[in-house]
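Trainee: Sequence and computational prediction follow.
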Amino acid sequence: MKLVTYLKEEHEQLGVLINDMIYDMEVLHPDLPNSMNMFLTYWEDSFPVAQAGELMLREGTRSSNKGVALKDVQLLAPIPFPSSCRDGYAFRQHVAAARRNRKAEMIPEFDQYPIFYFTNHHSIQGPGEIRCMPDHFEKLDFELEAAIVICKHGRNIKAGEAEEYIGGLMIMNDLSARRLQMEEMLLNLGPAKGKDFSTVIGPWVVTLDELQSFEIPCKENHAGANWNLRMQCWVNGKQVSDGNLGDMDWTFAEIIERASYGVDLFPGDVIGSGTVGTGCFLELNGTGKLNDPNFSEQWLQPDDVVEMEIEGLGKLSNTIVAEETDWSILKLKKM
């Protein structure tokens, strides 16, 4: 099932996507919630009912004349108001390449435990314009990732049980202002201002039942499922990234296990995978300069169009827009 949130009469509306048509939840069943947050809160009751209604629509046993074309709606972030947002660090390829490019040894702790940080869940956005301040354009970067949403409350969740808590997968773009990020992390704290202005998710949530044919075993000495899903990114129509979700070393199940240790996870919590190998300009620029001293760095600029596609999860498109201001916090630094 593909769960979408779109703008309807100036309010968020939850629907299901079937063959490029969106059907409100009330079409599937009149008692289903019409917002994603409520749907996730009552997931164990709502999801089976929605599945049955979707099947009836597909089979033609329920009228399908109440749908609206996908092309005619404004999609919002599928989880418009996450209860929290964590981002992981799950791809060894990305971490190793980024450290190699800085002439640093691979950090051994990567292979010992999965880590994550909390980002600003109030800055979640969906498809469309991303408004950035002047300082954000000091090495503005995309990060190609996948994300999950938690669909039921849990605490101290073991990796072997974690998939019961995953409502579905979606694309994530963890936008990063690298100069701000690198400066503040010199103080061994963060990332904060380098990543708190926008995290993009979408275009919809794909439930795990639709991804069964893509499921593959996790890597040796790990636990939980993985999915063989190609991940790609284009900037202004030019492909810049090509990876695979199946290359995750730490699985979502293992990240959930660590995240929930002594802590409650709630429906609506979003957890990102971390950046796939080749999935950001920081890594690509470093590799380019390592191979060619004359390599010219690339960073996101105003009016750039960033398109991300993950097999089975759809395509997420955003346009970078510059705020009309010259205000800079970098200029406030005391010398």
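Mentor: Sure, I can see it.
Trainee: quick one, strands of the stretch 51-200 of the chain?
Mentor: Secondary structure of the stretch 51-200 of the chain (DSSP state E, counting those that start in this stretch): strands located at 68-69, 84-88, 116-118, 124-125, 128-132, 140-141, 144-150, 154-155, 166-174, 176-177, 199-206.
Trainee: any idea of the mean pLDDT in the first one?
Mentor: When pLDDT is averaged along strand 68-69, the result is 96.
Trainee: Could you find the residue nearest the spatial middle of the protein?
Mentor: Within the chain, one residue has its C-alpha closest to the average C-alpha position: by C-alpha atoms, centre = their mean, that is M172, at 2.0 Å.
Trainee: For S64, give me its contacts.
Mentor: S64 makes contacts with I18, M21, Y23, L57, as judged by C-beta atoms under 8 Å, 6 or more residues apart in numbering. From N, CA and C alone the C-beta is placed, and that goes for glycine too.
Trainee: Could you measure from it over to R58?
Mentor: Relative to R58, S64 is positioned 9 Å away (criterion: C-beta to C-beta, to the nearest Å).
Trainee: what residues are shared contacts of these two?
Mentor: Between them, S64 and R58 share the neighbouring residues I18, with contact defined by C-beta under 8 Å, 6+ apart.
Trainee: which one of the contacts of S64 is nearest H153?
Mentor: Taking C-beta to C-beta as the measure, H153 sits nearest to Y23 out of those, at 28.1 Å.
Trainee: quick one: the residue nearest to the closest one when sequence neighbours are not counted and V27, what's the gap?
Mentor: Spatially, and ignoring its direct neighbours in sequence, Y23 is nearest to G67 (4.8 Å; C-beta to C-beta, 6 or more residues apart in numbering). When C-beta to C-beta is the yardstick, G67 and V27 sit 7 Å from each other.
Trainee: need the contact list for V200.
Mentor: Contacts were defined as C-beta under 8 Å, 6+ apart; by that measure V200 touches A77, I124, Q125, G126, P127, I130, M172, N173, L175, L316, N318.
Trainee: gap between the third one and M106?
Mentor: Look at Q125 and M106: by C-beta to C-beta, they are 33 Å apart.
Trainee: These two: who's more crowded?
Mentor: For Q125 versus M106, neighbours defined as other C-beta atoms under 10 Å are more numerous around Q125 (20 against 14).
Trainee: is it true that V4 touches P203?
Mentor: Yes - V4 sits in contact with P203 when judged by C-beta atoms under 8 Å, with a separation of 7.2 Å.
Trainee: For C280, what are phi and psi?
Mentor: Main-chain dihedrals, C280, degrees, to the nearest 10: phi -160, psi 160.
Trainee: Not counting its neighbours along the chain, what's nearest it?
Mentor: Closest residue to C280 apart from its sequence neighbours, by C-beta to C-beta, 6+ apart: E143 at 4.7 Å.
Trainee: any idea of the pLDDT on that neighbour?
Mentor: Per-residue confidence for E143 comes out at a pLDDT of 98.
Trainee: Return the set of buried residues in stretch 41-52.
Mentor: For stretch 41-52, the buried set under the neighbour-count rule, 16 or more other C-beta atoms under 10 Å, comprises T41, Y42, W43, S46, F47, A50.
Trainee: what about that stretch, average pLDDT?
Mentor: Stretch 41-52 shows a mean pLDDT of 98.
Trainee: Just the CA atoms of stretch 92-102, as PDB, please.
Mentor: This file holds the C-alpha atoms of stretch 92-102, laid out as PDB (Å, rounded to 0.1, in the frame of the first residue of the first chain):
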ATOM      1  CA  ARG A  92      29.900   1.500   5.500                       C
ATOM      2  CA  GLN A  93      30.800   2.500   1.900                       C
ATOM      3  CA  HIS A  94      29.800   6.100   2.500                       C
ATOM      4  CA  VAL A  95      31.600   6.400   5.900                       C
ATOM      5  CA  ALA A  96      34.800   4.700   4.600                       C
ATOM      6  CA  ALA A  97      34.900   6.800   1.400                       C
ATOM      7  CA  ALA A  98      34.300  10.100   3.300                       C
ATOM      8  CA  ARG A  99      37.100   9.300   5.800                       C
ATOM      9  CA  ARG A 100      39.400   8.100   3.000                       C
ATOM     10  CA  ASN A 101      38.900  11.400   1.200                       C
ATOM     11  CA  ARG A 102      39.900  13.300   4.400                       C
END
